[in-house]
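Asker: A structural model of the following input is requested.
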Amino acid sequence: MNFWKRLLFVLVAALPLAAMQASAIPLDKVPKQTTDLVSLQHGAKVFVNYCLGCHAASFMRYTKLQELGLSQKEIEDNLLLATDDIGTTMTVAMDPVKAKDWFGVNPPDLSVIARALSGPGGSGADYVYTLLRTYYRDPTPPTGWNNLVFPNIGMPHPLWELQGEREPIFAGEGDKKVFTGRWKQVTKGTLTPVEYEETVADLANYLAWMAEPVQNKRIAIGVWVMIFLFLFTLIAWRLNASYWKDVE
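Answerer: Coordinates of the predicted model:
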């Protein structure tokens, strides 16, 4: 029964982010694949350091990260919080009551958010990749941040120290104002623009993997099944022709 309660919690918690699926601007394709272990390892580190403080991943255990090529010692030394055990799930210690007061809503669980956000406009990884690259300072919202993908977003920019502050460049005025696709760098971040793009891509890639860790195996098995069915169909066709060749 506990499993079904947790599953219901994850699905309900994902609803606020699922509403973001209709992006205000076209999504950029994340330039990473879930078979890239180096990208996934770095993405896991970014997730633990910058996302896990507010967002839990209650369906992912730290031990599962060993499938990314990390040893138990590497996980314990670099990714595991001091209060957690390697066999536990990625929970968050933040008080949900305080979180609701700060952000207006409890930060959703991110275990399957990459799948929840997938839609006609792009994958969930594409959404995260574009979202984290389109933040800008705006004094109007309580957080002081806004976003081109999700206007009036309640989450402040979690990676602003890495990216620095930028301003989007628009063309036109008022309701006819359109984003040109260009940005003005206001303050520098600790990473170069290229390094930041790589970091966000790695994080989005990790979220896509975390949403379905068996996806690469599933795809590989599916390829072999299709090959088998093709060969079996060819053999069955020739056997059928041989069986009926002498029948008038």
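
Asker: Once you drop chain neighbours, what's closest to residue 41?
Answerer: residue 68 (5.3 Å; Cβ to Cβ, 6 or more residues apart in numbering). Every residue, glycine included, has its C-beta placed from N, CA and C.

Asker: right, and the one you found touches residue 40 too?
Answerer: Yes: contact criterion Cβ atoms under 8 Å: residue 68 and residue 40 qualify, at 4.8 Å.

Asker: For the longest strand along the chain, which outside residues touch it?
Answerer: Counting residues, the longest strand found in the chain (DSSP state E) is strand 178-188. Residues outside strand 178-188 that contact it (Cβ atoms under 8 Å, 6 or more residues apart in numbering) are 25, 137, 148, 164-172, 193.

Asker: neighbour count winner among residue 68 and residue 40?
Answerer: Under the neighbour definition other Cβ atoms under 10 Å, residue 68 and residue 40 were set side by side, and residue 40 has more, 25 against 19.

Asker: Pull the number of nearby residues for residue 30.
Answerer: So residue 30, with other Cβ under 10 Å, has 25 neighbours.

Asker: Residue 106 versus that one, what's the distance?
Answerer: Residue 30 sits 27 Å away from residue 106, going by Cβ to Cβ, to the nearest Å.

Asker: swap in residue 35?
Answerer: Taken as Cβ to Cβ, the span from residue 35 to residue 106 is 33 Å.

Asker: Between these two, point out the one with more neighbours.
Answerer: Per other Cβ under 10 Å, whichever of residue 35 and residue 106 has more neighbours is residue 106, with 21 against 13.

Asker: Wait, the more buried one touches residue 95, no?
Answerer: No: if you go by Cβ under 8 Å, residue 106 and residue 95 don't touch, sitting 10.0 Å apart.

Asker: Could I get the contacting residues of the residue nearest in space to the middle of the chain?
Answerer: What sits nearest the mean C-alpha location of the chain, by Cα atoms, centre = their mean, is residue 207, with 3.3 Å. Neighbouring residues of residue 207 by Cβ under 8 Å, 6+ apart: 43, 47, 110, 113-114, 124-125, 128.

Asker: again, only using 6 Å
Answerer: 114, 128 (Cβ atoms under 6 Å, 6 or more residues apart in numbering).

Asker: Let me know the secondary structure of it.
Answerer: helix (DSSP: H, G, I helix; E, B strand; the rest coil).

Asker: domain assignment for this structure?
Answerer: Listed by automatic domain parsing, the domain ranges of the chain are 2-213, 215-248.

Asker: Please identify the deepest-packed of those.
Answerer: Per residue and on average, the most neighbours among the domains of the chain fall to domain 2-213, with a mean of 17 (mean count of other Cβ atoms under 10 Å).
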